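[1] I would like to see how this sequence folds:
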Amino acid sequence: MLLADMGADVIRVDRRQGSEDRYTGPVTDGGEGGAFLSLNRNKRSLTLDTSKPASREIIRRLAEGADVVVANLPIAVLNKMGLDYESLRAIKPDIILARVSTFGPDGPYANRLGFDTIAQAMSGAMSLTGFDTPTRAGVSFEDYGTALHTAFGVMVALYHRARTGEGQIVDGSLLSTGVTFMQALLAERSVKGIERRRRGNAAFFIAPADAYRTRDGWIVVQVIGPEMFARWARLVGREELIGDPRFADDLARADHRETITEVNECVACEAHNRPSVCGSRSRTRTRRARARTARGARRSAGEVPRVIGIRRLSGRSKAGPVGRHRGSAVGHTGQHQAPCPDARRADGRNPTRAWLLDRTNRGVAGGRGSVNRR
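    Predicted coordinates for the structure are as follows:
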């Protein structure tokens, strides 16, 4: 999605029946999920049965015309399909291969499949989330984080190739993303031997930083640094806390968060006539203001909204039927000569071309990874 939104001509290659994630959380009459429609906008679609001998020639021609190959497959499967880096380099010497996996390209788990929740668990994030039991985040941040890291790596690789003419491998994995996001807490444990325990919505290193109940809902408050803490203390009418040694710095305030929580809850309940942040109409209006309508992604009650998180540079916005670009996409393999009419930039130059391979082999089904987050 990110590469396509920035103007790349992206061809998503599915197995013939499509991927399982297409129908997760259905929002359309055809059963497509909201996440699928959003994350696969601006892409063209091609289906391929890799059990057929002719598929190897199609893969070769796709690679020959691509700048980047993004593969969401285990290393052993890449090798079997001729999508390892050396095989791709033999087809196109300056090719860039972006490999997305759960555990990375080496080590004992290199050929294992997995989902976002596995990375949340193994990185330690679930042990610090929630109140009483290990809790996964409601948003698949390991998936999205891996997509961001990999897309950024691809952009750097393209820049490097423009300067040197050399292609390279870009590796992204869910577990490495999880460990990266956890690095502050992991460093603290390694250096100081401090093993943090879950605190619900409270922060580990600062306070106040929590969700607080009011008479008509919940509010969230976050304070960092001495100046902001002093402003907060004056706001709630507790200026004596400014010089209290228990609240001398961020970490001390976090260690005495119970006292701060009592102050916040007391003030919040007294100010019951103020609008609640959590669940307020203003928050809903803000969300809607950031949403845009996905043209063509229709359901019986209207169009499916999507959120545009970055500046949109590409005019294409649909995630349509599996294989809908079979003719134009395969046209880049030499079997057809009619390119997709919207596959050229406004300045007349061809855009960067990438193609995504997402478990087209039926025997590889089971580990989704993050290719659809691109």
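[2] switch to C-alpha atoms for all contacts and neighbour counts from now on
    Noted.
[3] all helices of the stretch 151-300 of the chain, in order?
    Here the stretch 151-300 of the chain has its helices, by DSSP state H, counting those that start in this stretch, at 174-181, 183-192, 225-235, 250-255, 257-270, 281-290.
[4] any chance of these in a markdown table, with distance to residue 125, mean neighbour count and mean pLDDT too?
    A markdown table is the format used below for the helices of the stretch 151-300 of the chain (distance: least, CA to CA, whole Å; neighbours: other CA atoms under 10 Å; pLDDT from 0 to 100):
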| stretch | distance to residue 125 | mean neighbour count | mean pLDDT |
| --- | --- | --- | --- |
| helix 174-181 | 8 | 22 | 95 |
| helix 183-192 | 10 | 13 | 93 |
| helix 225-235 | 25 | 15 | 95 |
| helix 250-255 | 19 | 18 | 95 |
| helix 257-270 | 21 | 17 | 84 |
| helix 281-290 | 27 | 12 | 50 |
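[5] got these as a markdown table, with distance to residue 151 columns?
    Shown next, in a markdown table, are those (distance: least, CA to CA, whole Å):
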| stretch | distance to residue 151 |
| --- | --- |
| helix 174-181 | 13 |
| helix 183-192 | 21 |
| helix 225-235 | 34 |
| helix 250-255 | 35 |
| helix 257-270 | 39 |
| helix 281-290 | 23 |
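[6] closest one to residue 104 among the ones you listed?
    In terms of CA to CA, the element of these nearest to residue 104 is helix 174-181, at 7.5 Å.
[7] and the gap between the residue nearest the centre of the chain and residue 72?
    The centroid of the chain falls nearest to residue 144 when counting by CA atoms, centre = their mean (1.1 Å). From residue 144 over to residue 72 the distance is 14 Å, taken as CA to CA, to the nearest Å.
[8] now swap in residue 138 and tell me
    The span separating residue 138 from residue 72 equals 23 Å under the rule CA to CA.
[9] out of those two, which sits in the more crowded spot?
    A direct count of neighbours by other CA atoms under 10 Å for residue 138 and residue 72 places residue 72 higher, at 27 against 7.
[10] my guess is that one contacts residue 100, does it?
    Yes - the criterion here is CA atoms under 8 Å, and residue 72 meets it with residue 100 at 4.9 Å.
[11] so where's the stretch 251-374 of the chain uncertain?
    269-374 (pLDDT under 70).
[12] rerun that using 50 as the cut-off
    274-282, 289, 291-298, 300-301, 311-319, 333-349, 359-374 (pLDDT under 50).
[13] give the buried residues for stretch 25-35.
    26, 27, 28, 32, 33, 34, 35 (16 or more other CA atoms under 10 Å).
[14] may I ask which two of those residues are separated the most?
    28 and 35 (11.6 Å).
[15] what number of residues lie near residue 108?
    Neighbour count for residue 108, taken as other CA under 10 Å: 9.
[16] what do you get for residue 140?
    15.
[17] mind listing what the residue nearest to it when sequence neighbours are not counted touches?
    Distance criterion CA to CA, 6 or more residues apart in numbering; nearest residue to residue 140, sequence neighbours excluded, is residue 116 at 6.0 Å. The contact partners of residue 116, by CA atoms under 8 Å, 6 or more residues apart in numbering, come to 140, 141, 142, 143, 174, 369.
[18] assess the claim that residue 111 and residue 78 are in contact.
    No - contact criterion CA under 8 Å: residue 111 and residue 78 do not qualify, at 10.3 Å.
[19] okay, now residue 205: neighbour count?
    When neighbours are defined as other CA under 10 Å, residue 205 has 15 of them.
[20] now do residue 165
    Neighbours of residue 165 using other CA under 10 Å come to 12.
[21] against residue 118, how distant is it?
    Distance of residue 165 to residue 118, given as CA to CA: 38 Å.
[22] sorry, back to before: Validate this expectation: the residue nearest to the centre of the chain resides in a strand.
    No - counting by DSSP: H, G, I helix; E, B strand; the rest coil, one finds residue 144 to be helix, located in no strand.
[23] check it and give its pLDDT.
    Looking at residue 144, its pLDDT stands at 94.
[24] for residue 249, give me phi and psi.
    With angles defined as degrees, to the nearest 10, residue 249 sits at phi -150, psi 180.
[25] tell me the spacing between it and residue 88.
    55 Å.
[26] show me what contacts the nearest residue to residue 27 once chain neighbours are set aside?
    Of all residues beyond its chain neighbours, the one nearest residue 27 is residue 33 (5.4 Å), with distances taken as CA to CA, 6+ apart. Residues in contact with residue 33 (CA under 8 Å, 6+ apart) are 21, 22, 23, 24, 25, 26, 27.
[27] what do you get if the cut-off is 6 Å, keeping everything else the same?
    Applying CA atoms under 6 Å, 6 or more residues apart in numbering, we find residue 33 in contact with 22, 23, 24, 25, 26, 27.
[28] where do the strands sit along the protein?
    9-14, 43-47, 68-71, 96-101, 169-173, 209-214, 217-222, 291-299, 302-307, 353-357 (DSSP state E).
[29] how does this protein divide into domains?
    2-181+293-373, 209-281 (automatic domain parsing).
[30] distance to residue 192 added to these, as JSON lines?
    Listed next are these as JSON lines, based on distance: least, CA to CA, whole Å:
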{"stretch": "domain 2-181+293-373", "distance to residue 192": "17"}
{"stretch": "domain 209-281", "distance to residue 192": "14"}
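[31] tell me which of those sits most buried.
    domain 2-181+293-373 (a mean of 18; mean count of other CA atoms under 10 Å).
[32] so what's residue 70 bridging to?
    Bridge pairing for residue 70 (DSSP bridges) gives the partners residue 98, residue 356.
[33] name the nearest residue to residue 153, ignoring sequence neighbours.
    residue 170 (6.1 Å).
[34] any idea how far that neighbour is from residue 70?
    For residue 170, the distance to residue 70 equals 9 Å [CA to CA].
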